[in-house]
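[1] coordinates for the following, if possible.
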Amino acid sequence: MQDKWIVGVDLGGTTTKLAFINMDGDIIHKWEIKTDNSDEGKNITINIAKSIDQKLEEVEMTKHKLVGIGMGAPGPVNYDTGVILNAVNLGWRDSFPLRDLLETETSLPVYIDNDANCAALGEMWKGAGNGAKDLVCVTLGTGIGGGVIINGEIVKGVNGAGGEIGHITAIPIGGSQCNCGKKGCIETIASATGIVRQANEELLKEGACGELKEILHQSGAITAKDVMDCVSNRDPLAEKVMENVSFYLGFVLAGIANTLNPEKIVLGVVFQEPGKYC
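    Modelled structure (predicted):
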């Protein structure tokens, strides 16, 4: 078994990242494919299966080398059935039978978990968690995800929605509208989307100036990556936005710390634009 490989799959709305990983957690080969959301996402599992076969052929290995597939998928997961309860960005209907379809396409056993939970487990095993058994992982990207580990076990909740840190209320009265239907979620403030919204609001104010204003003038739009870069260059407007982000994110993390008393809180930041990561 020690010489076998696991297929790791990170399923995203734009790209799907794949890797062959040995039993010690070392990445042997990694690659990515476009996520095809057309036709209610019916091609997603087919494309993943084809890509795995193609990569095996490329590295001159057979499927006997693979012990199974572990996938991180966006949204709540029914852990008993491998059904994705809701994944609008992937084009799937509610209660999509992801595990069964992928097992049929690949003829391999498949385990499905929420992508942020997978990030938390990865950080505990091989990352910044450094083996901590009580850990909270917060993923900051287009939205905000979260994974909570207590005594080495992921907190899943009664219906697989445990650790949805992005929807903790940071602003109890008022606040911006969140995609979940509430207002004032931390996702509306500290995600890439929230950062851009706040920066645009500041840029519309009379007297707004500086590097971020110049980027908007030149390109017609700004990204969270632009804001972060401008903070590094001490742009006052960008600094104001990030001070607000830091305050509310710290406020939420303090509440999590007081509730769970974790050994570590790990922040994973992926503010992406073409060719750039932060």
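[2] hey, let's count contacts and neighbours off CA atoms from now on
    OK.
[3] verify the stated contact: residue 211 with residue 230.
    Yes. Taking C-alpha atoms under 8 Å as the definition, residue 211 is a contact partner of residue 230 at 6.6 Å.
[4] give me the common contacts of those two.
    Contact criterion C-alpha atoms under 8 Å, 6 or more residues apart in numbering; residues shared by residue 211 and residue 230: none found.
[5] domains in this structure, as residue ranges please.
    Segmentation of the chain into domains, based on automatic domain parsing, reads 5-108, 131-269.
[6] how about those domains, which one is nearest residue 118?
    Taking C-alpha to C-alpha as the criterion, domain 5-108 is the member of the domains of the chain that comes nearest to residue 118, at 5.8 Å.
[7] end-to-end on that closest one?
    In terms of C-alpha to C-alpha, to the nearest Å, the two terminal residues of domain 5-108 are separated by 12 Å.
[8] could you do stretch 32-39 as well?
    The stretch stretch 32-39 measures 21 Å between its terminal residues, going by C-alpha to C-alpha.
[9] got the confidence number for the closest residue to residue 126 other than its chain neighbours?
    For residue 126, the nearest residue in space outside its immediate sequence neighbours is residue 25; the separation is 7.4 Å by C-alpha to C-alpha, 6 or more residues apart in numbering. Residue-level confidence at residue 25 comes out at 92, pLDDT.
[10] also the one 4 residues further on?
    With respect to pLDDT, residue 29 has a value of 97.
[11] name every strand pairing with whichever strand or helix holds it and say which way it goes.
    The secondary structure element spanning residue 29 is strand 27-34 (assigned by DSSP states H and E). Partners of strand 27-34 in the sheet, by DSSP bridges, are strand 15-22 (antiparallel).
[12] residue ranges with poor pLDDT in this protein?
    When residues are selected by pLDDT under 70, those of the chain lie in 88-89, 271-278.
[13] let's see that with 50 instead.
    Along the chain, the model assigns pLDDT under 50 to residues 273-278.
[14] which residues in it form strands?
    Across the chain, reading from the start of the chain, the strands by DSSP state E fall at 5-11, 15-22, 27-34, 66-73, 77-78, 83-84, 110-114, 135-140, 144-150, 153-154, 264-269.
[15] compute the inter-axis angle for the last one and strand 144-150.
    What that stands for is strand 264-269. When axes from the mean of the first three to the mean of the last three C-alpha atoms, to 10 degrees is applied, the directions of strand 264-269 and strand 144-150 differ by 160 degrees.
[16] buried stuff in strand 264-269?
    For strand 264-269, burial by neighbour count (16 or more other C-alpha atoms under 10 Å) applies to 264, 265, 266, 268, 269.
[17] so which of the residues you listed is the closest to residue 196?
    Closest to residue 196 out of the buried residues of strand 264-269 is residue 269 (14.9 Å), distances taken as C-alpha to C-alpha.
[18] list the contacts of the closest residue to the closest one other than its chain neighbours.
    When the adjacent residues along the chain are set aside, residue 269 lies closest to residue 140, with 4.8 Å between them (C-alpha to C-alpha, 6+ apart). With C-alpha under 8 Å, 6+ apart as the criterion, the residues that contact residue 140 are 190, 191, 192, 267, 268, 269, 270, 271.
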